[in-house]
Each structure stands twice: as C-alpha cells, then as structure tokens.
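Participant: here is a sequence with its predicted model. Questions after.
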Amino acid sequence: MSTEKSGDPADMTKAGEVKAGEERPKWDNKIQYLLTCIGFAVGLGNVWRFPYLCQVYGGGAFLIPYLIALVFEGLPLLHLELAIGQRLRTGSIGVWYSISPYLGGVGMASMIVSFLVGLFYNTILAWVLWYFFNSFQDPLPWRDCPVLSNHTAYVKECEMSTPVNYFWYRETLNITPDIETSGSLQWWLVICMATAWGIVYICFIRGIETIGKAVYITATFPYLVLTIFLIRALTLPGATAGLQYLFTPQWEILKNPKVWLDAATQIFFSLSLAFGGLIAFSSYNPQKNNCERDALIVGCVNSATSIYASIPIFAILGFKAKSNFEDCLNGNILSLTNAFNIGDQNITLENYDSWLAHLNESHPVQVADLHLKVCNLQTFLDQSASGTGLAFIVFTEAVIKMPGSQVWAVLFFIMLFSLGLSSMFGNLEGVLTPLLDMKMVPRCIPKEIFTGMMCMVSFVLALIFTMGSGNYWLEIFNGYVGSLPLLIIAFFEITAVVYIYGMNKFSEDIEYMTGRRPNLYWQANWRVISPLMLLVVFVAYVVVQAEQQPTYAAWNPNYVDFPLEQVLPYPKWVFAICVLLASMPCLPIPLVALYKFILFLKKWLMGRLHSNPYDNEGYSPDTQISVVKMEI
C-alpha cells in the first residue's frame, strides 16, 4: 500500500480523468457558460413568485430584505459553488467526496433534489405547452363558458366561477375535489408531458455540446418577450395604477418577520443554489477563469431580471384590475338605469359616483334593494396570485382583454417554456454529471442512451402529476422538496469548504484561478454571516411550519362557498409523505458519513486483531491510523 497521496483534490480528480483516458468536456466559449448559468438561475419563479412577494409585502419595501439576502446569502453561496466546481472539476458528488469521503452524501442529496424537482418542473412545462397549443384558437378557449349539449345554457360550474378558472381546473387539470380522489390520467397532459421530455432530451442529448447551442435561444428569448410585453403593457389603460401598487413602499410591513424569511428563501431558491447544477456547469470551465466575476454577473442579472419582469407583469395586472373595475361599474350603471328609467347616456363611468350619491339620498330603499356590487380599484389590485395562479388564471384573464389576444398568449407561453427549459438543463445536469463522474453508469451504455433512459424514467414517474389529483401532488413536491432540503445542503456545503477543506486553502485556490485572494467581504460571509443566516432561516422555517397545520386548497364545485377554493387539512398518510419528501433527500448526508466511519473502524480493528502489515514497515500507531484514513 502506498502512502503517497496528493494533497490537492483537484489533482486527484485530474489523475482519475487521465487514468480513465477521457478528457473532460469544455464550453465552446465564455458566453455559453454564462448564458447557461443565467438560464438555470432565471426561471419561472422570477416571473410569477417575485412580483407576488413584492405585492404582498409592501411593494418597493420588499426590495430591502431581498437585496440584503442577495448580498449576504445569495452571492457568497453562488461564488462558493462556482469556485469549488471549477477548481475540483467534477460534479456535486465528486466535489464533496474529494474534500472528504464522509461528505459524499452532500452531493447525493443535491442529486436527489435535482431529480425530484425535475419531475414536477417539467410538468409545468407540459401545462405551458397545452396552453400554447390552445393559444392559436380564435377566440381563445378560456374567453367564454362552454354551452351544454342542448345549447340552452352554459355549463353551471363555469357560470359559478369564470371561464378562465373553468378552463384551468376542468379543461386542463380535470381536477378532483380532494387529494384522496386520484382520478384518471388526462391523455392531453400525458401527450404534452411526453413532448416536453422529448424536447429536453433533444437539447440535452450531447451534454454541454447541445446545451451550449440551445441556451442562445432559451436564455435570451425571454428577455425579448419581456421587452415586447413591457412596451405594450405601458400603453395599456390602468398600467400606471398597477406600477404604483407594485412600487409604493409600505414600510410598516417590514416589521413582520415572515417578510425577511420569504426574502431570504426567495433569493436562495431563485439562484438555484444547492441543486448541484451550478457546480456541474462550472466544472467544465478552464482552471484559470474569474469565477468571482461570474458569480457577480449571474447573481445581479438574476435579481435584475426579477425586477424587470415585475414591471410588465404588474402593468398588465393593473390593466386587468381597471377593466374589472369598469365592468363592475357598468353592471351597476345598467341596474340603476333599468330601475329608475334613466336614459342610457345619462349615467357614465365619469359621473357614476355623483349619480349614486344623488339616488341614495332620494331613493335609498330602492337603491339598497338592487344589491349593487362594491366596485373599488384597490380591491381588484389586491386580487393577487403567484405560481400557477398567476400564469394560468390571472394573466390569461388579462390577455383576453387585450387586442390581438392570441399573439400575446402565444408570446407569453413561449417565454414561460423558454424559462422553464433552461432551468431544466440545470436540474438534469445536476443528476447526470455526478453519476458519470463517479463512474456509476456502465461503460457499455453510451451517454446519449443513458440520458434517454433517465428522461424516460422521469416521464413515467411524473405521470402522477397528470392525474386528476396531480396538481395537489405537484404543490406538495414544490413545497417540501424544493425548500427545507436545499437549506440543509447549502449549510453543509459552506461549512465543508470553510472548516474541512480549509478557508486558507480555498483562498489559495481562488487566487490561483482569479489572480487575487478573496477580499474581506467574501471571507466574512463564508466564515460567519452566510452560515448563520442559513441556520436562522432554517430554524425560522421549521418554527413557521410547526405552528400551522398543513392544508391545501381544493377545487370543489359542491363546496358551499364555491367558487372559493375549499381549504382542507392533509390526511395523515399524505402528511407522512410530505415529511418523507422533506427528509429523504437529506438522509444520504448522515448515512454516507456513518458508512464511511464504520468502514474505517472495521479496517482499524482488523489491523489490531490480525497480523498488522504496517508493523513490518516501521509505521507508528498514529501513522497506521492516518494510512487507513487515506485508504478509506
């Protein structure tokens, strides 16, 4: 047994590659790499999660905790992942295994999270494709309620809610009234999901060689569409009201601790940290590359995109709110005109308030009997939604009120698909690269075939999301897989680099790659501030979740308050699955460490109980233990 071992994990990785006779792929150019990282970081959450949080938490005031989280949590972790992947030149499992075999479970945890997130993330792309295909119809299928077969009336469920809600919940999801009622597979969603996975496979078939070409479109096209929407949205009536609502600071909301918690988690998840995809992408870089500048570019572009996307989104939502407000007033005007035999041209939107005040004074009982709607622009602006609600309900309702609605619908869903597709590249890379680097794929299976097998397995497992209860399960995966495990993984990542790999050695690596040692800002964040913030966010998240009973919103036409969603508690067996999804990705971290420790004890005891081969070589007992550790 040789006791000579390189002290540089990067050298170990390189030696392994040379021994295998393989050369690690490289990006064609720096632009491809940056576009891929930006495409992975900039995803659907920038369009439908960030604007929602800004609206709920005091408009412009939310930017304060958001930017603080970016500076002290997001950028340091982003820089760390890009630097460690570039230096050690391997995927997430190989990186942490190189630092210490006891940390191999951290990479496995990232791989599991990427796989599980990819399952439901591509389901959203299937929904986007379904809406995209339907956007070519004139009129749009979610504009009007369908009529019954006898053509005498509209479908009751649609009349009780809205055409937009009906198309989403019934025509698209065909949703069941609760999570315990599974329902059947929806064939149209199965076809759309197969199409989505097929597109992902085609773009990913040759790894970064094909990804690097695809990102020229998937990472840049959303900015073109956002700019087109921005120009159009700013010309719509009501756009100013929407932007004022978004950016008017409500400073008192900052006293709410949940604002700071959501800001910290938003920047963390928005940058796609702890998935392993960024480590994999940076591992294809040359050693001499300024990873610090890359981290600043990706982080700042991601946050700027969130703000930039909010402007057209809320300008359009302001237009929708004003349209609904005017429709509400016109309904009241019609009721007043018919009740009091007033000329059609007498009551207008401009003089409605004065007319209503006059009639209330002269005929208060008759006005009260009309049960007029309460029309308030602020109320319509308050009707916010995030996630799928924003994309498939609120925004689609706004589009049907815009001239040339088919064009805007097509552009919007192409943009969403591009955002989601570039994020899927990172999720899939976070699974495949570690498996290939650690030689877990049989040599007889070409990479292209193995990638296809992964996509096929993912497609089969994701069929659960195409069932009638699929939307409920997707919300569970989104809420429990893409939250707590990432915080735990990131905490182990930063502590592993700083306190196991060594801050001094890491600083030397960065100096070797960039030409200068990390400054005080990076050092302070890596050593103290970022780990502390992660720990605080983790504890706060657990406390918040423990204080409230897990519930979900069900779409039930038989609910007494329908069309409001029925809030139901999760059944015990479903809650057990929630706990399993939150804990399962993190289990490899202690299990791998325990397994490696048992191996060490076993070899050490074997050397004690049997003839010790190290005695003849003149090793001291301490050296013997060190040699066994190296061997493990």
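Facilitator: Yep, that arrived. Residues are numbered from 1 along each chain as shown.
Participant: mind checking the pLDDT average for the longest helix seen in the chain?
Facilitator: Using DSSP state H to define each element, the chain has its longest helix at helix 291-340. Mean per-residue pLDDT for helix 291-340: 90.
Participant: go on, stretch 511-525?
Facilitator: Stretch 511-525 comes out at a mean pLDDT of 94.
Participant: how far does it stretch from start to finish?
Facilitator: By CA to CA, to the nearest Å, the extent of stretch 511-525 from end to end equals 17 Å.
Participant: skipping its backbone neighbours, what lies nearest the residue nearest the centre of the chain in space?
Facilitator: Geometric centre of the chain, nearest residue: residue 45, 5.2 Å, by CA atoms, centre = their mean. Spatial nearest neighbour of residue 45, chain neighbours left out: residue 270 (5.5 Å); criterion: CB to CB, 6 or more residues apart in numbering. C-beta here means a position set from N, CA and C on the backbone, and glycine is covered the same way.
Participant: for residue 582, same thing?
Facilitator: With CB to CB, 6+ apart, the residue lying closest to residue 582 is residue 480, at 4.4 Å.
Participant: likewise for residue 359?
Facilitator: residue 367 is the one closest to residue 359 (CB to CB, 6+ apart), at 5.3 Å.
Participant: pretty sure that neighbour belongs to a helix, no?
Facilitator: Yes: counting by DSSP: H, G, I helix; E, B strand; the rest coil, residue 367 is part of a helix.
Participant: and it, what's its pLDDT?
Facilitator: In this prediction residue 367 is given a pLDDT of 82.
Participant: what's the distance between it and residue 349?
Facilitator: For residue 367, the distance to residue 349 (CB to CB, to the nearest Å) stands at 18 Å.
Participant: I'd say the residue nearest to residue 582 and residue 581 touch.
Facilitator: Yes: assessed by CB atoms under 8 Å, residue 480 is found in contact with residue 581 at 4.4 Å.
Participant: mind checking which of the two has more residues around it?
Facilitator: For residue 480 and residue 581, the more surrounded residue by other CB atoms under 10 Å is residue 480, and the numbers stand at 22 against 19.
Participant: residues in contact with the more buried one?
Facilitator: 578, 579, 581, 582 (CB atoms under 8 Å, 6 or more residues apart in numbering).
Participant: pick out the most distant pair among those residues.
Facilitator: Using CB to CB, those span at most 7.4 Å, a distance reached by 579 and 581.
Participant: CA atoms of stretch 576-588 as CSV?
Facilitator: Presented in CSV, the C-alpha positions along stretch 576-588 are these (Å, rounded to 0.1, in the frame of the first residue of the first chain):
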residue,chain,number,x,y,z
ALA,A,576,-46.4,11.4,6.2
ILE,A,577,-45.4,11.6,2.5
CYS,A,578,-44.8,15.3,2.9
VAL,A,579,-42.4,14.6,5.8
LEU,A,580,-40.7,11.9,3.8
LEU,A,581,-40.2,14.2,0.8
ALA,A,582,-38.7,16.8,3.0
SER,A,583,-36.3,14.4,4.8
MET,A,584,-35.5,11.8,2.2
PRO,A,585,-33.0,14.0,0.1
CYS,A,586,-31.1,14.8,3.3
LEU,A,587,-30.8,11.2,4.5
PRO,A,588,-27.6,10.4,2.5
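Participant: per-residue confidence for residue 493?
Facilitator: Residue 493 is given a pLDDT of 94.
Participant: which residues touch it?
Facilitator: 77, 80, 81, 96, 106, 274.
Participant: what angle do the helix or strand where the first one lies and helix 291-340 make?
Facilitator: Assigned by DSSP states H and E, residue 77 belongs to helix 75-88. Per axes from the mean of the first three to the mean of the last three CA atoms, to 10 degrees, the angle that helix 75-88 makes with helix 291-340 is 140 degrees.
Participant: packing partners of helix 75-88?
Facilitator: helix 9-20, helix 92-99, helix 277-282, helix 291-340, helix 484-496, helix 503-514 (3 or more CB pairs under 8 Å, 6 or more residues apart in numbering; DSSP states H and E).
Participant: before we move on, the earlier item: roughly how far does the residue nearest to residue 45 sit from residue 537?
Facilitator: Distance from residue 270 to residue 537, by CB to CB: 14 Å.
Participant: and what of residue 313?
Facilitator: Counting by CB to CB, the gap between residue 313 and residue 537 amounts to 26 Å.
Participant: could you pull out the helices in the stretch 1-150 of the chain for me?
Facilitator: For the stretch 1-150 of the chain, the helices defined by DSSP state H, counting those that start in this stretch occupy 9-20, 30-41, 44-48, 50-56, 63-69, 75-88, 92-99, 104-134.
Participant: pull the contacting residues for the residue nearest to residue 359.
Facilitator: 336, 356, 359, 360.
Participant: what about the second one, how many neighbours?
Facilitator: Using other CB under 10 Å, residue 356 has 18 other residues around it.
Participant: which helices and strands sit right next to the helix or strand it falls within?
Facilitator: For residue 356, the host element (DSSP H and E) is helix 352-362. Applying 3+ CB pairs under 8 Å, 6+ apart, one finds that helix 352-362 makes contact with helix 291-340, helix 364-369.
Participant: closest one to residue 527 among those?
Facilitator: Among the helices and strands packed on helix 352-362, helix 291-340 sits nearest to residue 527 (CB to CB), with 16.7 Å.
Participant: so where's this protein uncertain?
Facilitator: 1-22, 343-345, 384-387, 609-632 (pLDDT under 70).
Participant: can you do 50?
Facilitator: 1-21, 613-632 (pLDDT under 50).
Participant: correct me, but residue 301 touches residue 40?
Facilitator: No: using CB under 8 Å, residue 301 makes no contact with residue 40, being 11.7 Å away.
Participant: and these two? Which one has more around it.
Facilitator: Counting neighbours by other CB under 10 Å for residue 301 and for residue 40 shows that residue 40 has the greater number, 28 against 18.
Participant: okay, now the closest residue to the more buried one other than its chain neighbours: neighbour count?
Facilitator: Closest residue in space to residue 40, ignoring its immediate chain neighbours: residue 426 at 3.3 Å, by CB to CB, 6+ apart. The tally of other residues near residue 426 (other CB under 10 Å) stands at 25.
Participant: just the one 10 residues further on next, same as before
Facilitator: Residues contacting residue 436 under the criterion other CB under 10 Å number 19.
Participant: same thing with residue 564?
Facilitator: 12.
Participant: from residue 372, how far out is it?
Facilitator: For residue 564, the distance to residue 372 - CB to CB - is 21 Å.
Participant: what sits against residue 248?
Facilitator: 59, 60.
Participant: go again using 6 Å as the cut-off
Facilitator: Contact analysis of residue 248 by CB atoms under 6 Å, 6 or more residues apart in numbering lists residue 59.
Participant: now residue 261
Facilitator: Neighbouring residues of residue 261 by CB under 6 Å, 6+ apart: residue 540.
Participant: okay, the residue nearest to the centre of the chain and residue 269: tell me how far apart.
Facilitator: With CB to CB as the criterion, residue 45 and residue 269 are 7 Å apart.
Participant: over to residue 208?
Facilitator: Here the criterion is CB to CB. By it, residue 208 lies 24 Å from residue 269.
Participant: returning to that earlier point: in strands, which of the contacts of residue 480 appear?
Facilitator: Among those, no member falls in strands (DSSP state E).
Participant: only whichever of those residues are buried, select them in ChimeraX.
Facilitator: Here is the ChimeraX command that picks out the buried ones among those, judged by 16 or more other CB atoms under 10 Å:
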select :578,581,582
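Participant: just the ones of the contacts of residue 480 in helices?
Facilitator: 578, 579, 581, 582.
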